[in-house]
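**Q** Sequence and predicted structure below; questions after.
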Amino acid sequence: MSRSAQAWFSFALTRLGGIAVDGFFLALAYGTANLLRFDLQPPRWGWRVTACAFVSVGIVHLLALALCGCYRLSWRRTTLRDLPRYVTATALACAVLTALRLGFDVDIYAHVRPPYSVTLICFVLATCALAGWRIVWSWFWSARQREEMLIARQVRTMDTAKVRAFFGGKTVMVTGAGGSIGSELVRQVAALGPKKVLLVERGENALYEIDRQIRAREGAAETVPLMKDVNDVAAMDEIFAAHRPEIVLHAAAYKHVPMVEMNPEEGWRNNTEATRHLAELAQRHGVQRFVLISTDKAVNPVSVMGQTKLAAEQAIMNLEGSFCAVRFGNVFGSSGSVVPLFREQIAARRPITVTHPEMKRYFMTVEEAVGLVLQAASRREKAIYTLDMGEPVRILDLAEGMIRQAGYRPYVDIPIVFTGIRPGEKIFEELDVSEKSCYKTDMARIYITKVEVEG
């Protein structure tokens, strides 16, 4: 059975289950209405006739719910804004039951038309019950769901004492400071007690935002916003000369594989040449530690982006000094990744686009990735580090999970379409931390990659 067929079968079963739950709450509301009407005493015509009358009450209410579109709604997306729909459905049921009472105003038809007072009380109770249990379920579901749970990672608490000792009191330069990774680098470094943090970012809005965030913190480190392009060698030289950074965290790069594939010259200029020039300046100005944020796509690269990052790694490793690169996979929710795209498509109720049903990627939260990068930075080796990303995540499973977390049903409410692998993409990225490829370090999840640096 295909995933789509399974989804529709599951949808049918859950809808039947939902109708059964509605039936239970309707029976509870109707029984309570009778008890309230007769002062907690049995109805004068007995519970048997009352139970028979509930058949018509239940059928009328369920049909009214269906006609008002209540069964088209996902329970996990029910909010107070949907209350009018349920009020309309129970009001319609109340009107129909009232009409039945008027049309069959003879005691022999008591089993098909409840009293007016019972119908009115049941209207109030049924509205509260039918809408209430859906809203409570929606709140319960929302409280339990976080997108990060979809990557099923067990994030370890890291000892920051060594990292704090390394960064404390130093001037730290972060390039690409307004990006997803760069801004998190700034946030975490600023909390480690540095002398000051140099924010190098060419995007005005992104630079303003991260600078504002850090300045708003009580007791925050000094930040120096520098709206510069890392490709401008003269401007970078001036920054090194004026501020004398002791640590450089180089996160500025083009990371979107298809875009770099279509613009290879610019990708090489920004990812490789800019890194080489920046590293040479760091060497000339006596920087203590230079850290390149790299990628799993630099492992046996088939894309231009991967090739530019591999060349950048080789460029810094051929220099004398304390240089290192840190490889890891996708940062969950970072700009340009599939997660924001899926969010946008789900919000617009558009089909989710997945390139291939077997496409897999490594994911890590930005907080964990940056924490590990800073740990690697505090080490002394001249090395290419690889972060242990755990098990890869199938993109199709991620898409289905995000649809469910948004309160929709994959293939039922939101379809999933396969668009084909794009130029430069692999089905599966290689991030091997086995003994054949890496040496273990004394820091959990950080490995030293066994590579031969080209001359």
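**A** Okay, I see it. Numbering: from 1, shown residues only.
**Q** quick one: contacts for the closest residue to residue 210 other than its chain neighbours?
**A** The shortest distance from residue 210 to any non-neighbouring residue, by CB to CB, 6 or more residues apart in numbering, is to residue 183 (4.6 Å). In this view, the C-beta of every residue, glycine as well, is placed from N, C-alpha and C. Residues in contact with residue 183, defined by CB atoms under 8 Å, 6 or more residues apart in numbering, are 177, 206, 209-210, 213.
**Q** Do a quick rundown of the helices in the stretch 1-150 of the chain.
**A** Assignment of helices within the stretch 1-150 of the chain using DSSP state H, counting those that start in this stretch yields the ranges 3-37, 46-67, 83-103, 116-144.
**Q** In the stretch 1-150 of the chain, where is pLDDT below threshold?
**A** 1, 44-46, 104-113, 142-149 (pLDDT under 70).
**Q** nope, the stretch 301-450 of the chain is what I was after
**A** Looking at the stretch 301-450 of the chain by pLDDT under 70, you get 432.
**Q** residue ranges for the helices of it, please.
**A** 304-317, 338-347, 366-377, 395-405.
**Q** Verify the stated contact: residue 114 with residue 123.
**A** No - with contacts counted by CB atoms under 8 Å, residue 114 stays clear of residue 123, the gap being 11.0 Å.
**Q** Look at the two and report which has more neighbours.
**A** residue 114 (27 against 21; other CB atoms under 10 Å).
**Q** on that earlier part again, out of the contacts of residue 183, flag the one nearest to residue 296.
**A** Of all the contacts of residue 183, residue 177 has the smallest distance to residue 296: 22.9 Å, by CB to CB.
**Q** What sits closest to that closest one if chain neighbours are left out?
**A** residue 199 (3.9 Å).
**Q** What about the one you found, how many residues nearby?
**A** The burial count for residue 199: 29, using other CB under 10 Å.
**Q** and the helix or strand containing it, what other elements does it pack with?
**A** Using DSSP states H and E, residue 199 maps to strand 196-200. Judged by 3 or more CB pairs under 8 Å, 6 or more residues apart in numbering; DSSP states H and E, strand 196-200 is in contact with strand 171-175, helix 180-190, helix 204-215, strand 222-226, helix 233-243.
**Q** State the mean pLDDT of stretch 261-271.
**A** Across stretch 261-271, the average pLDDT comes to 96.
**Q** Would you indicate which residues of it are buried?
**A** 261, 267-268, 270-271 (16 or more other CB atoms under 10 Å).
**Q** So which of those are in helices?
**A** Among those, the ones falling in helices (DSSP state H) are 261, 267.
**Q** can you put the buried residues of stretch 261-271 in CSV and add distance to residue 165?
**A** Converted to CSV, these look like this (distance: CB to CB, whole Å):
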residue, distance to residue 165
261, 42
267, 37
268, 38
270, 34
271, 32
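**Q** Hmm, residue 281 and residue 233 touching each other?
**A** Yes - under the criterion of CB under 8 Å, residue 233 makes contact with residue 281 at 7.3 Å.
**Q** Show me which of the two is the more surrounded one.
**A** residue 281 (18 against 15).
**Q** so what pLDDT did that one get?
**A** pLDDT, residue 281: 98.
**Q** in the helix or strand it falls within, what's buried?
**A** Element membership of residue 281, judged by DSSP H and E, is helix 274-284. For helix 274-284, burial by neighbour count (16+ other CB under 10 Å) applies to 274-283.
**Q** Identify the farthest-apart pair in these.
**A** Between any two of the buried residues of helix 274-284 (CB to CB), the greatest distance is 15.0 Å, for 274 and 283.
**Q** Distance of the closest residue to residue 198 other than its chain neighbours relative to residue 249?
**A** Spatially, and ignoring its direct neighbours in sequence, residue 198 is nearest to residue 173 (4.2 Å; CB to CB, 6+ apart). Relative to residue 249, residue 173 is positioned 7 Å away (CB to CB, to the nearest Å).
**Q** So for these two, which residue has more residues nearby?
**A** residue 249 (31 against 28).
**Q** The helix holding residue 281 - contacts with which helices or strands?
**A** Partner elements for helix 274-284 (3+ CB pairs under 8 Å, 6+ apart): helix 233-243, strand 247-250, strand 289-293, helix 304-317.
**Q** okay, those, which one's buried deepest?
**A** Neighbour counts (mean count of other CB atoms under 10 Å) averaged over each of the helices and strands packed on helix 274-284 peak at strand 247-250, with a mean of 27.
**Q** in its sheet, what does that one sit against?
**A** strand 171-175 (parallel), strand 289-293 (parallel) (DSSP bridges).
**Q** Show the average pLDDT along the first one.
**A** If you average the pLDDT over strand 171-175, you get 98.
**Q** Could you export it as PDB, CA atoms only?
**A** Listed next in PDB are the C-alpha coordinates belonging to strand 171-175 (Å, rounded to 0.1, in the frame of the first residue of the first chain):
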ATOM      1  CA  THR A 171      38.500  39.800  21.000                       C
ATOM      2  CA  VAL A 172      36.500  37.500  18.700                       C
ATOM      3  CA  MET A 173      35.600  38.100  15.100                       C
ATOM      4  CA  VAL A 174      32.500  36.400  13.600                       C
ATOM      5  CA  THR A 175      32.000  36.600   9.900                       C
END
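**Q** Now tell me what touches it from outside.
**A** With CB under 8 Å, 6+ apart, strand 171-175 has contacts from 182, 185-186, 189, 194-201, 230, 239, 243-252, 278.
**Q** Would you mind giving the domain segments of this structure?
**A** 3-144, 149-449 (automatic domain parsing).
**Q** highest average neighbour count across those?
**A** Buried most deeply of these, by mean count of other CB under 10 Å, is domain 149-449, with a mean of 19.
**Q** Now do it: distance to the chain's middle.
**A** Distance, stretch centre to chain centre, for domain 149-449: 17 Å (CA atoms, centre = their mean, to the nearest Å).
**Q** and residue 255, which of the three is it?
**A** Assigned by DSSP: H, G, I helix; E, B strand; the rest coil, the conformation of residue 255 is coil.
**Q** Not counting sequence-adjacent ones, nearest residue to it?
**A** That would be residue 336: by CB to CB, 6+ apart, it lies 5.8 Å from residue 255.
**Q** ok, back up a step: need the helices and strands packed on strand 196-200 in a markdown table (columns: distance to residue 165).
**A** A markdown table is the format used below for these (distance: least, CB to CB, whole Å):
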| stretch | distance to residue 165 |
| --- | --- |
| strand 171-175 | 14 |
| helix 180-190 | 13 |
| helix 204-215 | 21 |
| strand 222-226 | 19 |
| helix 233-243 | 22 |
